[in-house]
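Novice: Return atomic coordinates for the entry below.
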Amino acid sequence: MDHTLVIVESPTKAKTIRRFLPPNYQVLASMGHVRDLPKGAAEIPASLKKEKWSKLGVNTQENFEPIYVIPKDKKKIVKEIKDALKGATELLLATDEDREGESISWHLMNILKPKIPTKRMVFHEITKTAIKKALDQTREIDMELVQAQETRRILDRLVGYELSPLLWKKVARFKGAKILSAGRVQSVSVRLLVNKEKERRSFKKSSYWDLKAILSQDNISFETKLFSFDNQKIASGSDFDEKTGNLKKGNKSLILNENSAKTLLDSFLKENWRVANIEKKPSIRKPVAPFTTSTLQQEANRKLRLSTRETMRCAQGLYERGFITYMRTDSVHLSEQAIRASRECVKKKYGKEYLSFEPRQFNSKSRNAQEAHEAIRPAGEEFKIPSETELNGRDLSLYELIWKRTVASQMAEAKLTMINVEISVGNAIFKSSGKIIDFPGFFRAYVEGSDDPSLALEQQEVILPNLIKGSNLEVISKEAIPHETKPPARYSEAALVKVLEKEGIGRPSTYSSIIGTIVDRGYAQLSSNTLAPTFTAFAVTALLEEHFPELVDTTFTAKMESSLDEISSGNLEWLPYLETFYKGKNGLKSKVEKREDDIDGKAYRQVDFEDLPCVVKIGSNGPWLEGVKIDESGKEIQAKGNLPMDIIPGDLDKKKVDQILSGPSDLGLDPKTGEKVFLRFGPWGPYVQLGNNEENKGKPRTASLPKELKTDDLTLEQALKLLSLPKLLGVHPDGGVIEADRGPFGPYIKWIKNENDSENRSLKKEDDVFKIDLNRALEILAMPKLGRGGQEIIKDFGKTKELDDKIQILNGRYGLYVKCGKINVSLPKDTDLEKFTIDDALILLDEKMKDKKVPAFKKNIVNKKKTSKNKKSKK
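Specialist: Numbers count the residues shown, from 1 in each chain. The predicted model follows:
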């Protein structure tokens, strides 16, 4: 039957768009890119393997022609698309509207080589109106966009594949996911993290005091702080340089210490507190622009604590299901349709008085603009109210964030009155600030950094009594308060994204994958929602700064990004640009060749800190310390010690170094066994150990320290408490025993059913692992079991003799599915769970694994099980 074939990237997008197309339209998903540069030697065509350049995947001798291959896991998809194309009369390439989407369509054209009319179909939201318009306004593939994307891909490959092997040779070649790599944007981002950590290390802490009082008039109390004494300003936190911890250059503020602060406080006992001056100023706050990719990532990280990767994954799902417009954009522009929808929402929910005087548009401040032509907003001619959608969890939270920000952009300005009061006390001046919200305007819908606009309104107002100049005030309390300056804050994901965008480095659409790579490769770890660089990041950055400074320079990288944008707009030729960058006189290839032999790997396998009596060595198994310690006779001897993986370079001080290098600390004797209890340091952090490592006694009992327990505060009693786990709670009514213990994911209980089967449950926040009893453990075990992602476990078949992973049925966001390790298979809606057996699960898993990279022995096991099932059926 004749039909029009439409190709999109994902099954979710295909399912949504299908609702708005005529019945003779067939929609298939390419599952992202259908071909790419080879990822390893196995994917390089045999005819090209002898070529020196083949390992790059790019023919650097012939106009940088890339080697494109279809990965194994995409061959079946390509075949399905080719088969569907045979009966089609028209082909529509409906991939995303940005550079990457344009590139996917171009690759599909090259693979399919269609002989039927082929058009490019683009849309920035998946609604009936948008799809109809896209069908009427198809176009050709934009080759300038394609060339810009392909140049970017080739450029990234050349940088990564030339520098990464150098890092393996000169620094360390780690195993698994943490294998070192370099990248055009990745290496600059790592350097930003390292420089911030260096600032923290060089920071010198200062202390200062100030005075605070609670005053009252007309039964309304308010706070006031000391501003000046004898016409000299009192030092506050803003007067100190965050890089040094000292007063900023030229600042002549008076620093109070404990004695001077308390003396000053006592001198005010007999003084009158009088209103010296009152100043009121009207102020207006304007709403912020609708979301771009970058601002959405930043705000979702601040408000929802979502990583950039989680935000983009969630936004992709919302777009593909028709809830929001395209999520990769630098534009803050809103279409007329979006403005009408926003203003209608304002009128219905808040009233006409909350509408802006006229429709409001915004201008993009980004240095490089993405091709998508509208901000991220709710999709459609009418915005769905968040509470009226079928969304839940993160999806609902992110959609609500986008809805509020878009609607707020068309609301009236907030009107405030700012009040500044000066209070004289002898020769001192105290200051108080008040704020009155005269008209909340857009605050009713959206306040940056706040989850609850109503609560934020209350918190933003600072009410002062009706003060009159010259009137005396009642003192409720007054105190001297100590302060310490704090080192510069580490970058959160939101802060790093903001800096990268401001500097014009990389594309906002790639920030999530870049940050993910930085963490995955072991260059940074997430600590309290901040990105903390590792010692490996210090070593690699030092090498690149010394020998390839331009590749980690923000200005140079921003210029590269601008050049790529010029290629996309047709203002710069891509081939001469690549020739100069790679093969020019100072090109990347010649630099690597010249400097490889000059680089002393040993110098970059260690990190030196001037203020520490040790060096940090970098090896394939992680970092360790080398330095000196004082032995029992008082002599200095060379010592080594494992560096706990959670120690961050900025937090490594002399005290920690001494603890690690000095070896086990003797905490005392265990009264039950008479053995010594030690505090030791290992690669996974500090832990306690009962007894010595003696060959005839076997492995001694150990227990790791909880994060909240500091080594300085550790007592013998606490150590023995930790070593008491696992704790036997009793016998389960259905057989087996129950234990309480601590693990990497926190405290839990374990029901040991038999030698081969057990069941773990995490304890609730209110439970104490040391005090929990059998009855409470049975209560927890009776609750519905949840999987790692919070999904309810409906059925648990346990492990088979041959498979290492459990086979379970879980209830996920999109319905029931079978899970075995990392393999998931959706269950049909009409599945009868009462009759569903482990053999049924194994058949589904077998079908799923046929096209997956699963070890052959696992496939054979499932096939054996399936054969067994078939034999039983025949009987």
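
Novice: going forward, measure contacts and count neighbours with C-alpha atoms only.
Specialist: OK.

Novice: can you list the weak-confidence ranges in the stretch 1-150 of the chain?
Specialist: Applying pLDDT under 70 to the stretch 1-150 of the chain picks out residues 1.

Novice: pretty sure residue 476 is in a strand, no?
Specialist: Yes. Applying DSSP: H, G, I helix; E, B strand; the rest coil, one finds residue 476 inside a strand.

Novice: from here on, count from 278
Specialist: Okay, residue one is now 278; in that scheme the one you just asked about reads as residue 753.

Novice: residues touching it, list them.
Specialist: Going by CA atoms under 8 Å, 6 or more residues apart in numbering, residue 753 touches 490-493.

Novice: distance of it from residue 489?
Specialist: Residue 753 sits 11 Å away from residue 489, going by CA to CA, to the nearest Å.

Novice: do the same with residue 593
Specialist: 50 Å.

Novice: ditto for residue 575
Specialist: Here the criterion is CA to CA. By it, residue 575 lies 35 Å from residue 489.

Novice: show me where the stretch 478-627 of the chain has helices.
Specialist: For the stretch 478-627 of the chain, helices defined by DSSP state H, counting those that start in this stretch occupy the ranges 535-544, 570-580, 585-597, 613-626.

Novice: Enumerate the positions of the last one that are buried.
Specialist: It stands for helix 613-626. Under the neighbour-count criterion of 16 or more other CA atoms under 10 Å, helix 613-626 has 615-623 buried.

Novice: Equivalent analysis for the shortest one, please.
Specialist: Residues 538-539, 541-542 are the ones in helix 535-544 that count as buried (16+ other CA under 10 Å).

Novice: CSV for those residues, including pLDDT and distance to residue 701?
Specialist: Converted to CSV, the buried residues of helix 535-544 look like this (pLDDT from 0 to 100; distance: CA to CA, whole Å):
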residue, pLDDT, distance to residue 701
538, 95, 17
539, 94, 18
541, 94, 14
542, 93, 14
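
Novice: helices and strands around the strand or helix carrying residue 855, which ones?
Specialist: Per DSSP states H and E, residue 855 falls inside helix 851-855. Judged by 3 or more CA pairs under 8 Å, 6 or more residues apart in numbering; DSSP states H and E, the packing partners of helix 851-855 are helix 420-447.

Novice: Could you list every helix and strand in contact with the helix it packs on?
Specialist: Using 3+ CA pairs under 8 Å, 6+ apart, helix 420-447 sits against helix 376-389, helix 831-845, helix 851-855, helix 865-873.

Novice: Report the inter-axis angle for that helix versus helix 376-389.
Specialist: Using axes from the mean of the first three to the mean of the last three CA atoms, to 10 degrees, the inter-axis angle of helix 420-447 relative to helix 376-389 is 100 degrees.

Novice: I'd like the distance from helix 420-447 to the chain centre, please.
Specialist: Helix 420-447 sits 24 Å away from the centroid of its parent chain (CA atoms, centre = their mean, to the nearest Å).

Novice: which of the residues in that helix are buried?
Specialist: In terms of neighbour count (16+ other CA under 10 Å), helix 420-447 has its buried residues at 421-429, 431-432, 434-445, 447.

Novice: and what of stretch 515-526?
Specialist: By neighbour count on 16+ other CA under 10 Å, the buried set for stretch 515-526 is 516-524.

Novice: any idea which of the residues you listed is closest to residue 801?
Specialist: Closest to residue 801 out of the buried residues of stretch 515-526 is residue 520 (21.6 Å), distances taken as CA to CA.

Novice: Contact partners for the closest one?
Specialist: The contact partners of residue 520, taken as CA under 8 Å, 6+ apart, are 476-477, 479-481, 764-765.

Novice: cutoff 7 Å now
Specialist: Counting by CA atoms under 7 Å, 6 or more residues apart in numbering, residue 520 makes contact with 476, 480, 765.

Novice: pLDDT score assigned to the residue of the chain most remote from its centre?
Specialist: In the chain, residue 547 marks the outermost C-alpha relative to the chain mean, sitting 55.7 Å out by CA atoms, centre = their mean. Residue 547 is assigned a predicted lDDT (pLDDT) of 86.

Novice: hmm, back to that, looking at the helices of the stretch 478-627 of the chain, spot the one closest to residue 885.
Specialist: Ranked by CA to CA, the member of these that lies closest to residue 885 is helix 585-597, at 32.5 Å.

Novice: what does the average pLDDT come to for the closest one?
Specialist: 92.

Novice: what angle sits between it and helix 570-580?
Specialist: Relative orientation of helix 585-597 and helix 570-580, computed by the same axes, to 10 degrees: 120 degrees.

Novice: Give me the most central residue, this protein.
Specialist: Closest-to-mean residue, the chain, CA atoms, centre = their mean: residue 584 / 2.8 Å.

Novice: Tell me how far stretch 912-926 lies from the chain's centre.
Specialist: The chain centroid and the centroid of stretch 912-926 are separated by 30 Å under CA atoms, centre = their mean.

Novice: Pipe the buried residues of stretch 515-526 into JSON lines and attach pLDDT and distance to residue 1012 per row.
Specialist: As requested, the buried residues of stretch 515-526 are exported to JSON lines (pLDDT from 0 to 100; distance: CA to CA, whole Å):
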{"residue": "516", "pLDDT": "90", "distance to residue 1012": "67"}
{"residue": "517", "pLDDT": "88", "distance to residue 1012": "65"}
{"residue": "518", "pLDDT": "84", "distance to residue 1012": "65"}
{"residue": "519", "pLDDT": "76", "distance to residue 1012": "61"}
{"residue": "520", "pLDDT": "73", "distance to residue 1012": "62"}
{"residue": "521", "pLDDT": "77", "distance to residue 1012": "64"}
{"residue": "522", "pLDDT": "80", "distance to residue 1012": "62"}
{"residue": "523", "pLDDT": "85", "distance to residue 1012": "66"}
{"residue": "524", "pLDDT": "88", "distance to residue 1012": "69"}
